[in-house]
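Q: Sequence first, predicted coordinates after that:
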Amino acid sequence: MTQVFKTRAGTYVEIVNTGNFLLDGGSMFGRIPKVMWENWFPADEKNRIIMATNILKIQVREKTYQVDAGLGSFYDEKEKVVLGIEENVPFCGSTDYLILTHLHFDHCGGISDMDVREKVLVSKKEWADAINNNNPLTKGSYRKNDLDAIKPNLECIEPPYKIAPDIEILSTPGHTKGHVSVLIDREIFYAGDLIPTSSHVHLPCIMAYDLFPLEILEVKKRMLEMALEEDWIVIFEHDPYTPFARIDKVGDRFKARPAKADKN
Ligand SMILES: [Zn+2]
């Protein structure tokens with residue numbers, strides 16, 4: 001499903017789900033008990049929940065930009081079983097610039113199916129951690145073939161970085177040290193794994209995959225305050241049910257308020 005927005009400044013932004021996969025619900029919600037999270041995300045008999053890979057396509061002044069590349073099709077049979085990937089539907093897009101929030105396979109795996117005409121932008125810290133990949137916690141998430149496919153077009157950046165006047169790449173560490181999010185026209189915020197689903201706007205929802213829980217808590221709170229104040233649309237990369245929303249606050253609890261796209 002594709003949803004389209006046009007910002008007040010005239011930028012076209014499209015959300016595309018490039019494919020679903022399955023992850024352990026407990027790992028996605030960290031310390032939140034299943035009796036609570038199963039009301040938000042139904043689990044299968046193996047405790048797995050459906051995860052989308054919503055990417056963003058942006059068109060402004062004759063150039064195209066894409067944020068994240070989706071899962072892609074480079075998986076062996078065992079990985080397909082573990083991740084619940086039933087059919088290979090590679091997302092063979094093309095773009096001038098590709099911005100990657102970080103280099104875990106579910107965010108950059110699609111690079112092998114894509115044509116990037118200009119640059120692939122990655123934060124310098126993220127690239128260093130992915131290349132040195134000697135942390136047992138992230139070893140399985142960074143894959144050599146993804147990094148090799150990125151290399152020919154790689155541009156390492158130090159956020160905050162403006163790739164266009166309307167597109168800001170912001171440092172949002174916590175999931176990984178070098179994780180970035182993308183803000184378009186100060187109106188549309190692509191959070192990446194900073195806020196993977198609409199349920200994760202609830203501050204204590206911190207994934208077991210987040211390397212620096214206290215840091216992500218702090219960064220998430222700061223970005224949600226800004227989203228609330230400036231009424232941003234927040235995009236949730238892994239949410240198949242609520243891929244985007246605006247933010248409300250009831251007492252000290254943030255909530256996702258369903259929003260409408262300009263075109264479905
Ligand atoms: Zn992810």
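A: On my side now, so go ahead.

Q: Contacts only, for residue 44.
A: Contact analysis of residue 44 by CB atoms under 8 Å, 6 or more residues apart in numbering lists residue 22. Every C-beta, even on glycine, is put in place using the N, C-alpha and C of the backbone.

Q: if we go to 10 Å?
A: Contact partners of residue 44, counting by CB atoms under 10 Å, 6 or more residues apart in numbering, are 22, 25, 50, 84.

Q: Let's see if you can find the most crowded of the residues you listed.
A: residue 25 (22 neighbours; other CB atoms under 10 Å).

Q: who are the neighbours in contact with it?
A: Residues in contact with residue 25 (CB under 10 Å, 6+ apart) are 32, 34, 37-38, 40-44, 46-51.

Q: Am I right that residue 162 falls within a strand?
A: Yes. Counting by DSSP: H, G, I helix; E, B strand; the rest coil, residue 162 is part of a strand.

Q: Who's the closest spatial neighbour of it, skipping the chain neighbours?
A: Nearest non-adjacent residue to residue 162, counting by CB to CB, 6 or more residues apart in numbering: residue 168, 5.4 Å away.

Q: pretty sure the one you found is in contact with residue 182, am I right?
A: Yes. With contact defined as CB atoms under 10 Å, residue 168 and residue 182 form a contacting pair (7.0 Å).

Q: Common neighbours of the two, please.
A: By CB under 10 Å, 6+ apart, the residues touching both residue 168 and residue 182 are 159, 189.

Q: Between the two, which is the more surrounded one?
A: Neighbours per residue (other CB under 10 Å) separate residue 168 from residue 182, with residue 182 holding more: 25 against 19.

Q: biggest strand in the protein by residues?
A: Criterion DSSP state E: the longest strand present in the chain is strand 115-123.

Q: Counting by contacts, list what it packs against.
A: strand 63-67, strand 94-99, helix 124-132, helix 144-150, strand 154-157, strand 161-164, strand 167-171, strand 180-184 (3 or more CB pairs under 10 Å, 6 or more residues apart in numbering; DSSP states H and E).

Q: Name the strands paired with that strand and say parallel or antiparallel.
A: Sheet pairing for strand 115-123, assigned by DSSP bridges, gives strand 94-99 (parallel), strand 154-157 (parallel).

Q: Restricted to helices, list the contacts of residue 44.
A: Those of the contacts of residue 44 mapping onto helices are residue 25, per DSSP state H.

Q: May I see the contacts of residue 44 arranged in a markdown table, with distance to the ion and pLDDT as well?
A: Shown next, in a markdown table, are the contacts of residue 44 (distance: CB to the ion, whole Å; pLDDT from 0 to 100):
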| residue | distance to the ion | pLDDT |
| --- | --- | --- |
| 22 | 13 | 96 |
| 25 | 14 | 98 |
| 50 | 13 | 96 |
| 84 | 15 | 91 |
